[in-house]
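[1] using only what follows, build the 3D model:
(chains A, B, C and D)
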There are 2 protein chains.
Amino acid sequence: MTSTDTGALSDSSRILAAAQRLFNESGVQAVGMDAIRAAAGVPLKRLYRAFPAKDALVQAVLEERDREFGETLSAYVDTHGDTPRGRILAVFDYLDEWFGQADFRGCVFINTAGELGAVSPAVTDIARTHKQALRDYLAELVADAGLPEDRADQLALLANGAMATAGIMGTRDPARQAREMARVLLAAR
Amino acid sequence: MTSTDTGALSDSSRILAAAQRLFNESGVQAVGMDAIRAAAGVPLKRLYRAFPAKDALVQAVLEERDREFGETLSAYVDTHGDTPRGRILAVFDYLDEWFGQADFRGCVFINTAGELGAVSPAVTDIARTHKQALRDYLAELVADAGLPEDRADQLALLANGAMATAGIMGTRDPARQAREMARVLLAAR
DNA sequence: CCCTTCGGAGAACGATCGTTCTCCCTCGCT
DNA sequence: AGCGAGGGAGAACGATCGTTCTCCGAAGGG
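    Have a look, this model is predicted:
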């Protein structure tokens, strides 16, 4: 066995990074395998050795984005939230920073489920699992703050609403609005 | 002049209805012009006489859906809302009924903007205009209820969050959750 | 120095799809 | 009856794209 393993891993990372960027920029269907090959700087043969088909690559990109989102969000919350309630509100500060990035084009799960969900159950499953994971994370924060359990669904709905609205309207305002709404809802009774 | 005009109008309606159904079922890119022709029961020649290209048909479908949504929603609100605040909450009852329909597949504007927005500014514009119109309608209801203006954005965010979440998760619960959140937010201070 | 093996570059293939074109039938007029 | 126009059905065309194949050059072992 030569350096095949590390080589393949490095290929995977570069391909995933390139595909994620291109899918985010232009949507899945508008990006061809050849564009991904060019952006990743690998020959087509290695691309297909790493991912046997475009479907598999799409799913891998979504799964990686799910991991990355979860890690980045919880790291942000750990850094910026000092009280249990502050940790919940920090989620919306995180959204605010995200929406402000120049390459923000909406939530890739909302976008991709809208684009491919009707035709690819696998994509829908991944999007559903991702949104469920976000809800479960919020449920942890809610429990830590000693708040009633149903606030988790409420916060998830606010987050998704902010992502959908910001993605379409092209503004970061929805993050701040959702934060304010969360503040009011957490204070309520 | 023969019956060309009414004929063309009738073609348009049938094509728009068929395309709207198919786009909703499978997404825009997964539906070919030939499938639309078959579903509408018109020859390809008349399809292209009514809409010179697929792009134009997509935009027409979205614009018709925008009109239809606005009319249906405001009719529902007029019918089901007795007080100014009740009219606001009726918006979420409307969403609840909509999400419960067997063919509900999410908001076509959220889905289509996610699918084509990156590549078609026209689609993004229509989706933005539609979401702005929803916000403006909510602003009317908010003003009629004597509530502060910023509640319009809040309600729009709740509605979009419910649509996005329900579309992905495949459940109607988000409508009821959004309704409850709206109730609390309208009661707040 | 030859032979084999591997991988890279990109041509080729097959399918799909938006759009146009061809062919033929029908209908109305003279 | 003969003829021209219009329209219907679907074949054809051109482009795109996912996937596979071919060809060639480089590297390494005998």
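[2] in chain A, which residue sits closest to DNA strand C?
    Nearest residue of chain A to DNA strand C (CB to the nearest atom of the strand) works out as A:P43 at 3.8 Å. For glycine as for every other residue, the C-beta is placed from the backbone atoms N, C-alpha and C.
[3] how near is that residue to A:R49?
    Separation of A:P43 from A:R49 (CB to CB, to the nearest Å): 10 Å.
[4] quick one, which of those two is more surrounded?
    Neighbour count, other CB atoms under 10 Å in any protein chain shown: between A:P43 and A:R49, A:R49 has more, with 15 against 11.
[5] that one is in what secondary structure piece?
    Assigned by DSSP states H and E, A:R49 falls within helix A:44-50.
[6] list the buried ones in the helix or strand following that helix?
    Sequence-wise, the next helix or strand downstream of helix A:44-50 (DSSP H and E) is helix A:54-80. Under the neighbour-count criterion of 16 or more other CB atoms under 10 Å in any protein chain shown, helix A:54-80 has A:54, A:57-62, A:64-66, A:69, A:73-74, A:76-77 buried.
[7] what's the closest of the residues you listed to A:R151?
    A:V77 (15.6 Å; CB to CB).
[8] show the contacting residues for that closest one.
    A:V77 sits next to A:87, A:90-91, A:94, A:141 when contact means CB atoms under 8 Å, 6 or more residues apart in numbering or on different chains.
[9] domains in chain A, as residue ranges please.
    With domains defined by automatic domain parsing, chain A comprises A:1-52, A:53-187.
[10] can the shortest one be said to contact DNA strand D?
    Same thing as domain A:1-52. Yes: using CB under 7 Å from any atom of the strand, we find that domain A:1-52 touches DNA strand D at A:29-34, A:44-45, A:48, A:52.
[11] now list the buried members of those residues.
    Those of the residues of domain A:1-52 next to DNA strand D that meet the buried threshold are A:29-31, A:48, by 16+ other CB under 10 Å.
[12] farthest-apart pair in those, please.
    Using CB to CB, those span at most 20.2 Å, a distance reached by A:A30 and A:Y48.
[13] can you show me the helices along chain A?
    For chain A, the helices defined by DSSP state H cover A:4-26, A:33-40, A:44-50, A:54-80, A:84-100, A:108-116, A:121-144, A:151-169, A:173-187.
[14] run the chain-centre distance for the last one.
    Helix A:173-187 sits 20 Å away from the centroid of its parent chain (CA atoms, centre = their mean, to the nearest Å).
[15] and the least confident helix or strand in chain A by mean pLDDT, what's buried?
    Using mean pLDDT, DSSP states H and E, helix A:4-26 stands out as the lowest-scoring helix or strand of chain A, at a mean of 84. Within helix A:4-26, the residues that count as buried by 16+ other CB under 10 Å are A:11-12, A:14-16, A:18-24.
[16] in TSV: those, plus distance to A:A145.
    Formatted as TSV, these follow (distance: CB to CB, whole Å):
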residue	distance to A:A145
A:D11	43
A:S12	39
A:R14	41
A:I15	40
A:L16	35
A:A18	40
A:A19	38
A:Q20	33
A:R21	36
A:L22	39
A:F23	35
A:N24	33
